[in-house]
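# next comes the sequence, and after it the predicted model I'd like to discuss.
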Amino acid sequence: MIRTRFAPSPTGNLHIGGARTCLFNWLFARANNGKFILRIEDTDKARSKQEYLDEILNSLKWLGFDWDELYFQSKRFALYSDLADKLLKQGKAYEAEDGSGAIILKMPQKIVEIDDLIHGKIQFDTATIKDQVLIKSDKTPTYNFACVVDDADLKISHVIRGDDHISNTPKQIVIYEALGFALPAFAHIPMILSGQGGRLSKRTGATAISEYRNMGFLAEATVNYLSLLGWSPGDNQEIISKEESVKKFSIKDVNHTAAAFNLDKFQWINNYYLKNMDSEKLLDIVLPLFKQKGYIKDDNFDRNWLIDLIKLFKERVNTVCEIADWSGFFFAEDVTFSPEAETKLREKDLTQEFIILRDKFASLDKFDHSSVENVFRQIIEKLNIKSKVLIHPLRAAVTGLLIGPGIFEVIALLGKDKVCKRLDQAIKLLSTAKGE
RNA sequence: GCCCCCAUCGUCUAGCCUGGUCUAGGACACGAGCUUUUCAAGCUUGCGACACCGGUUCGAAUCCGGUUGGGGGCGCCA
């Protein structure tokens, strides 16, 4: 039976690297019809916080990692202390000479060999490793001891963790051997580095999964991006669901090399998922942002209209937040011009053209995409001008911006009243400009 | 300082195990062009890498050794 585990410590948020380690453990368990276990390493009472635990659990659920069993090391102290006593009695460990009460493992002199599933054989001479504390003077177990005891007790078959644990492994193997426990298989996956090369840290950008969620990344895109860091499904495939990864994942295909986190590619993947996401589902994610920005009141909104709006924007944004950021002109009473848009609007006096547009728009019975576009096309034909001469100032007048979704769709969705009102305002603005 | 891991385009990677099909493929980013309407979407296209030195071999990105470079660890943190 394949049993893997992810063992976060609630002394911080779930970060990118942890999430990827969790993903590979989850993938490997699911791919092999095994069990995936979540173990909370909360032995450090001073640093462990409930809020971190909540944050980690929420992030894991958001990413869609379900666990079959859940353990807390803080509830298993009796087990650690019993086994430490046993080692003491066997003479494999000793009590600290300083009288602190700590229990320390005597490091046997030998060559320890790890047979890593990813790196192959790695050898360590224990002469370079000092005796290891098993139980601290406050009676709590050290990481290496609790980790070994639990991995053995919980029958973990494959320990899949970050590269940074390679040097812990010989210490742990010595503990396994002292305890007489069978060794699990080890697989050390490469670390994720920041774009600048070093460790991921707050200084080099966001590290917590929840931060990326708040930035407007989708769970599916996050999992997709993470799975491509240190692993590849082959066949030049860039878009892959969790389910498909389960089918294709093999621990032997995991890279040896550290991978740099790259926001651009992450955004590109997020854009892909955004575009392809059901607009109604996406609306549910965007809705809180709309409320937060004051675009809509609690329950007083037209859901179908909002879904149309989502459809307009989701093609061209990288994050959920950008939908909210760029759609403000739909909800505002008056237009706020960007400097470029205002310049474009004042560039040429289009008062007459705007008056014709407004009158034609006002007389339309059906104010949809095609009728709006037809009216526009007829006008530019009659005036014998190129469409772009009028289309950009029109966009500026109606949205206050020079970029955005297709202008006729925008106008149709904005509605006749708002469009005519904004054209009136633009006409007024042009007339005051003339007077100056 | 000691120990360990790693090394293909700027970045993520395919290829490496089982040398020849690799004048090294894809993606992101970047540049150019197209899209009777923008770009922040789409399409086309361009730029761009086997770190270095030696060895093995008829032949090396692929195997071996070294150098250099990068990363990690050496806590009564996890």
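Cool, the structure landed.
# C-alpha from now on. contacts and neighbour counts both.
Fine.
# burial of A:Gln109, as a residue count?
Using other CA atoms under 10 Å, A:Gln109 has 11 neighbouring residues.
# is it true that it touches A:Ala127?
Yes. Between A:Gln109 and A:Ala127 there is a contact under CA atoms under 8 Å: 6.0 Å.
# which residues of the stretch 51-200 of chain A lie near RNA strand B?
Within the stretch 51-200 of chain A, the residues that sit near RNA strand B (CA under 7 Å from any atom of the strand) are A:96, A:98, A:100-102, A:119-125, A:128-129, A:132-133, A:135-138, A:141-144, A:163-168, A:191, A:193, A:195, A:197-199.
# in ChimeraX, select just the buried ones from these.
Selection of buried members from those for ChimeraX, criterion 16 or more other CA atoms under 10 Å:
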select /A:102,119,124,132,133,135,141,142,143,144,163,166,191,193
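# quick one, what contacts the closest residue to RNA strand B within the stretch 51-200 of chain A?
Going by CA to the nearest atom of the strand, RNA strand B is nearest to A:Asp164 of the stretch 51-200 of chain A, at 3.1 Å. By CA atoms under 8 Å, 6 or more residues apart in numbering, the residues touching A:Asp164 are A:Met191.
# part of a helix, is it?
Yes. Going by DSSP: H, G, I helix; E, B strand; the rest coil, the assignment for A:Asp164 places it inside a helix.
# model confidence for it, exactly?
A:Asp164 carries a pLDDT value of 95.
# residues touching A:Phe313, list them.
Neighbouring residues of A:Phe313 by CA under 8 Å, 6+ apart: A:Ile323, A:Ser327, A:Gly404, A:Pro405.
# relative to A:Asp284, how far out is it?
From A:Phe313 across to A:Asp284, the span is 15 Å (CA to CA, to the nearest Å).
# please list the residues of the stretch 301-436 of chain A that sit near RNA strand B.
Within reach of RNA strand B by CA under 7 Å from any atom of the strand, the stretch 301-436 of chain A has these residues: A:313, A:315-317, A:326, A:386-388, A:391-392, A:401-408.
# which residue, other than its chain neighbours, is closest to A:Val286?
A:Val320 (6.4 Å; CA to CA, 6 or more residues apart in numbering).
# neighbours around the one you found, how many?
As a burial measure, A:Val320 scores 25 neighbours (other CA under 10 Å).
# same check on A:Phe77?
Neighbour count of A:Phe77, defined by other CA under 10 Å: 15.
# check it and give its pLDDT.
pLDDT, the model's per-residue confidence, is 97 for A:Phe77.
# how near is it to A:Val149?
Per CA to CA, A:Phe77 is found 11 Å from A:Val149.
# A:Ile411 now?
From A:Ile411 across to A:Val149, the span is 66 Å (CA to CA).
# and what of A:Tyr176?
From A:Tyr176 to A:Val149 the distance is 8 Å (CA to CA).
# so which of these two has more stuff around it?
More neighbours surround A:Val149 than the other of A:Tyr176 and A:Val149, with 22 against 19 (other CA under 10 Å).
# doesn't that one lie inside a strand?
No. Assessed with three-state DSSP, A:Val149 is helix; it does not lie in a strand.
# ok, and the closest non-adjacent residue to it?
A:Tyr80 (6.8 Å).
# same deal with A:Ile239?
A:Asn224 (6.7 Å).
# so that neighbour touches A:Ile240, yeah?
Yes. Assessed by CA under 8 Å, A:Asn224 is found in contact with A:Ile240 at 6.0 Å.
# in the stretch 301-436 of chain A, what residue comes closest to RNA strand B?
A:Ile403 (3.0 Å).
# can you give me the neighbour number for that residue?
Counted with other CA under 10 Å, the neighbours of A:Ile403 add up to 13.
# same thing with the one 3 residues further on?
Residue neighbour count, defined by other CA under 10 Å, stands at 12 for A:Gly406.
# contact partners for it?
A:Gly406 is in contact with A:Leu312, counting by CA under 8 Å, 6+ apart.
# tell me where the model's unsure across the stretch 151-300 of chain A.
Within the stretch 151-300 of chain A, no range satisfies pLDDT under 70.
# which parts of it are strands?
A:158-162, A:185-189, A:192-193, A:259-260 (DSSP state E, counting those that start in this stretch).
# can you show me the helices along the stretch 251-400 of chain A?
In the stretch 251-400 of chain A, the helices defined using DSSP state H, counting those that start in this stretch lie at A:263-276, A:279-292, A:303-314, A:320-326, A:328-331, A:339-346, A:351-363, A:369-383, A:387-399.
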